[in-house]
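Participant: the following block contains a protein sequence and its predicted model.
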Amino acid sequence: MARLKKHTPREIVQPFAAYSQGVEVPPGARWLFIAGQVGEARDGTIPKDSQAQVDLAWANVLAVLASASMGPEDLVHVNVFITDAADVTLNRNSWRKISKDGGPGITMVTVKRLSHPDWKVEVQAVAAKA
């Protein structure tokens with residue numbers, strides 16, 4: 001079966017981290033849309049530490065992927081919302097631990113606040129299994 005095809009043309013700015021500028025999904029792929037995952041544990045606890053929240057948000061994304069028999073290599077696009085621009089590096093470091101083949105397209109946005117005052121990061125994703 002065909003695989004996801006990554007696109008990063010030389011004519012445009014190269015990625016700042018482990019991501020691709022575009023991802024092409026072959027016909028017949030199975031799609032998964034992952035709701036925003038935050039740095040909150042199953043029991044409702046929210047770590048105060050930004051790195052712990054970033055790691056937990058990504059762990060939650062991976063758990064949703066696994067429930068659909070997918071992995072990080074199946075991610076097509078990710079949106080990351082953070083409340084502190086200083087946490088951009090934390091997110092990039094967490095992502096590097098799990099990314100493969102340049103990763104999906106990623107958009108990262110600094111926002112004033114998420115829907116819970118203690119949340120510092122939210123990761124929304126789209127995946128496709130070819």
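Facilitator: Nice, I can see it.
Participant: what's the helix or strand for the residue nearest the centre of the chain?
Facilitator: Nearest to the geometric centre of the chain sits V78, at 4.3 Å (C-alpha atoms, centre = their mean). Taking DSSP states H and E as the definition, one finds V78 inside strand 75-82.
Participant: for this structure, give me the ranges with low pLDDT.
Facilitator: By pLDDT under 70, the weakly predicted segments of the chain are 1, 100-101.
Participant: same for the longest helix seen in it, what does it pack against?
Facilitator: Ranked by number of residues, the top helix in the chain under DSSP state H is helix 50-67. For helix 50-67, the packing partners by 3 or more C-beta pairs under 8 Å, 6 or more residues apart in numbering; DSSP states H and E come out as strand 30-38, helix 88-98, strand 121-129. Every C-beta, even on glycine, is put in place using the N, C-alpha and C of the backbone.
Participant: most packed of these?
Facilitator: Comparing these by mean neighbour count (mean count of other C-beta atoms under 10 Å), strand 121-129 ranks first with a mean of 22.
Participant: what helices and strands are in contact with it?
Facilitator: In terms of contacts (3+ C-beta pairs under 8 Å, 6+ apart), strand 121-129 is packed against strand 30-38, helix 50-67, strand 75-82.
Participant: ok, that strand: who's next to it in the sheet?
Facilitator: Strand pairing for strand 121-129, determined by DSSP bridges: strand 30-38 (antiparallel), strand 75-82 (antiparallel).
Participant: between those, which one is nearest to I106?
Facilitator: Shortest distance between I106 and the strands paired with strand 121-129, using C-beta to C-beta, is found for strand 75-82: 4.7 Å.
Participant: buried residues in that closest one, which are they?
Facilitator: Neighbour counts using 16 or more other C-beta atoms under 10 Å place 75-78, 80-82 of strand 75-82 among the buried residues.
Participant: and of the strands paired with strand 121-129, who's closest to E11?
Facilitator: Closest to E11 of those is strand 75-82 (C-beta to C-beta; 20.7 Å).
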